[in-house]
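Participant: 3D, please:
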Amino acid sequence: MVWRLQSDRNQLQILLLRLLCLLPTGLHVRSVDLNRSTDNITVRQGDTAVLRCNIEDRSSKVAWLNRSGIIFAGQDKWSLDPRVELDKRSVLEYSLRIQKVDVFDEGLYTCTVQTQHHTKTTQVYLIVQVPPKISNISADITVNEGSNVTLVCIANGRPDPIITWRHLNPTAREFEGEEEYLDIQGITREQSGKYECKAANEVASADVKQVRVTVNYPPIITESKSIEAFAGKQAYLRCEASAEPKPDFEWYKDDTRIFRLSSAQGLEIKNMGNRSTLMVANVTEEHYGNYTCVAANKLGVTNTSLYLYKRVIPTKPIPAKERGSNAHFKQKGPGTAIVDNGSSNLAASLWLMVTALVCLICKC
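Facilitator: Down below sits the predicted model:
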């Protein structure tokens, strides 16, 4: 089949050459060099291709042909394509220039030169390379944890581009193999994020696109802490949860729900993303006790208990150096106690002795 196709192509070329008077009618077909080796020229899509052909003298009859027919016969242009023109840098050159080459230009081109003695042909096979281009990639998706996920990345190019996938997490894991499809079995929350598809060949820089995968999972409490607070001061109870989608928070005091703005109770709830804060503006005795933080989304609910403890100012102890080893209390007025030391006992004894001596003198 291939041999017959080549034979038919040769017969067509011979017919065209005879129509152009480049091949005399009486010339035996075998004497025409139509089966000579073919030169290849590789051009990137959008560039300019120059197909070289040289002639022996100015009287030579020349023509360019391709699989579709005649392009140039001598100086006459038969093609209607404005991108095609002759490239004559010298009188003995009959090259063909094709601007903004595209894929449909690829194929076999024949330059035929007829001299007074023989007919010579030059064949050039034009190869068009195409930079890689991602034509289709999965849209951003949201799935529940444990689901199976398939990502698709279709790319075109010549030669065929190599496709690789990479998960853009902190470790930037690259998946093994070169596949248009990336299958993830039982996806986990750690596998959420952006996935990068890269299509590469040697023609130009790789084409890169991304798809985001969001993994839904029920909330779990990641941070909570009980605190102590003074009466009359502000206090904050904080609760943080990890979840996708973002969790909704509720607070309870014992079994009673606290609403976001409970001015009468001096309480206020502030939610920011994955964190919720319960503020007590002015702590009173009724505020101390057990609180419950509840985090919920469409996949589940969880809770944790926090305590608001009463903080007491400790009594300041009397330093030992001020008390002394023989310290005792001495009354000085009603209900008053003062601290005295051993020197007070000596003074009292001397006072008693002086008083007794005065009494004896008076009796005399």
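
Participant: OK, contacts around Trp251?
Facilitator: Applying C-beta atoms under 8 Å, 6 or more residues apart in numbering to Trp251 gives the contacts 237, 239, 257-258, 269, 276, 278, 291-294. C-betas here are computed from N, CA, C, even on glycine.

Participant: Between those residues, identify the one with the most neighbours.
Facilitator: Among those, the one with the most neighbours (other C-beta atoms under 10 Å) is Cys239, at 26 neighbours.

Participant: so where's the stretch 201-350 of the chain shaky on pLDDT?
Facilitator: 263-264, 315-350 (pLDDT under 70).

Participant: where do the helices sit along it?
Facilitator: Using DSSP state H, counting those that start in this stretch, the helices of the stretch 201-350 of the chain run over 320-323, 342-363.

Participant: mind checking how far Gln185 is from Ile137?
Facilitator: Distance check for Gln185 against Ile137: by C-beta to C-beta, to the nearest Å, it reads 21 Å.

Participant: swap in Leu86?
Facilitator: For Leu86, the distance to Ile137 equals 44 Å [C-beta to C-beta].

Participant: With Lys270 instead?
Facilitator: Lys270 is 40 Å from Ile137, by C-beta to C-beta.

Participant: So the two - more neighbours on which side?
Facilitator: Ile137 (17 against 14).

Participant: Contacts only, for Ser95.
Facilitator: Contacts of Ser95 by C-beta under 8 Å, 6+ apart are 50-53, 86-89.

Participant: give the contact list for Ile71.
Facilitator: Ile71 neighbours (C-beta under 8 Å, 6+ apart): 63-65, 77-79, 84, 96, 109.

Participant: List only buried entries from those.
Facilitator: 63-65, 77, 79, 84, 96, 109 (16 or more other C-beta atoms under 10 Å).

Participant: any chance of those residues in JSON lines, with secondary structure, pLDDT and distance to Thr150 too?
Facilitator: Formatted as JSON lines, these follow (DSSP: H, G, I helix; E, B strand; the rest coil; pLDDT from 0 to 100; distance: C-beta to C-beta, whole Å):
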{"residue": "Ala63", "secondary structure": "strand", "pLDDT": "94", "distance to Thr150": "54"}
{"residue": "Trp64", "secondary structure": "strand", "pLDDT": "94", "distance to Thr150": "50"}
{"residue": "Leu65", "secondary structure": "strand", "pLDDT": "94", "distance to Thr150": "49"}
{"residue": "Lys77", "secondary structure": "strand", "pLDDT": "93", "distance to Thr150": "52"}
{"residue": "Ser79", "secondary structure": "coil", "pLDDT": "92", "distance to Thr150": "47"}
{"residue": "Val84", "secondary structure": "strand", "pLDDT": "96", "distance to Thr150": "46"}
{"residue": "Leu96", "secondary structure": "strand", "pLDDT": "94", "distance to Thr150": "48"}
{"residue": "Tyr109", "secondary structure": "strand", "pLDDT": "96", "distance to Thr150": "44"}
